[in-house]
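**Q** Prediction below, plus the sequence it came from.
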Amino acid sequence: MPSPQTQDEIELARDLLAGKADAFDRFVEVFRSKIFQYALMMCGHREDAEEVAQDTLFKVFENFEQLREPERVRAWVFRIARNACYMKRRKSVFAPTQELSLDDLLPHSEQDGGHRKLEIADWSALPDDQVLRSELRDVIQAAIQELPEIYRAVILLRDVEELSTDETAQVLDISPESVKTRLHRARLAVRRTLDGYLRGIQSGVEHGTGQP
Amino acid sequence: MEPDNHSDDCKQIFALLSEYLDAELNPESCEDIQAHLAGCPPCIEFLESLKRTVRLCHNCESAEAPAPLGPETREKLLAAYRKSLSRR
Ligand SMILES: [Zn+2]
């Protein structure tokens, strides 16, 4: 079931395919900022992200008549954007992949008077999601950017851009099963980074030195 | 004794938590997980932190926006669009 947002995008694509040029500016506005955000986290450089957004839109419009199914517009655009990001491939961001292993991403636990207790931060202390503080946002973005590329690509499409598993598989040319496996590991790795960040804050608070 | 005291059940559940959150598991696995969670506070706590991570990722796009689209670029894109449709 597509979200209302996706429905909008499909309508815009349909209008453009039908030659209704008044959908043009809206389409550019919607997708340009989406591609920019994606490319910024994928490539890590603002100039690259600007260029990727522009190159992608140009390719999209150049080949617009080849979009046979407007329902797939989002996956189609992101596939082009992903290729544009690869053209900008910089060594640091696309280093050889090390696999993330599930065992390494397990939290530590300890026996505590017959009960097993996780060594984990107090997540209930996190601020409301809607008012994501810029510091927390920076931590999440950095955690995503630090992921090996194959994991970063998946979590950006699935959790940040909210593409479905099948759409993500199409964009990245991998099986839906691989999307699921990589997504889980990517989430676990980001979770672990966030957990470390929260524990840092919380131990600071306990000692009366940190920011609340 | 394993170093981290996780039971094998917990480890199995742990591997499936994203699919569980995304409602991509078959009904049987889903019920197995729910049954396990009902008796395992550490797994619930962990699941909550993972759920929270996913929600935070949804909202993590930066406030940074691309520079405004110049009129020449807009013209170039529009021309590409018109040309593409004319090829049909
Ligand atoms: Zn458990």
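**A** Thanks, I have it.
**Q** do you know how far the spatially closest residue to A:Ser33 that is not a sequence neighbour is from A:Arg32?
**A** Excluding its sequence neighbours, the residue lying closest to A:Ser33 (Cβ to Cβ, 6 or more residues apart in numbering or on different chains) is B:Ala65, at 5.9 Å. From N, CA and C alone the C-beta is placed, and that goes for glycine too. In this view, B:Ala65 and A:Arg32 are 9 Å apart by Cβ to Cβ, to the nearest Å.
**Q** which of these two has more neighbours?
**A** Using other Cβ atoms under 10 Å in any protein chain shown as the criterion, B:Ala65 and A:Arg32 rank with A:Arg32 on top: 20 against 10.
**Q** Could you chop chain A up by domain?
**A** If you go by automatic domain parsing, the domain ranges for chain A are A:4-91, A:102-206.
**Q** Who are the packing partners of the host helix or strand of A:Gln202?
**A** A:Gln202 is located in helix A:176-206, with elements delineated by DSSP states H and E. Applying 3 or more Cβ pairs under 8 Å, 6 or more residues apart in numbering or on different chains; DSSP states H and E, we find helix A:176-206 packed against helix A:102-105, helix A:134-146, helix A:149-155, helix A:165-172, helix B:8-21, helix B:41-58.
**Q** Hmm, B:Lys11 is touching A:Leu105, no?
**A** No: between B:Lys11 and A:Leu105 there is no contact under Cβ atoms under 8 Å: 11.4 Å.
**Q** what helix or strand is residue 84 on?
**A** If you meant another chain, say so; for now it's chain A. helix A:73-87.
**Q** sorry, should have said chain B
**A** Assigned by DSSP H and E, B:Ser84 falls in helix B:71-86.
**Q** which ones are touching the residue nearest to the spatial centre of chain B?
**A** What sits nearest the mean C-alpha location of chain B, by Cα atoms, centre = their mean, is B:Val54, with 5.4 Å. B:Val54 makes contact with A:159, A:187, B:21, according to Cβ atoms under 8 Å, 6 or more residues apart in numbering or on different chains.
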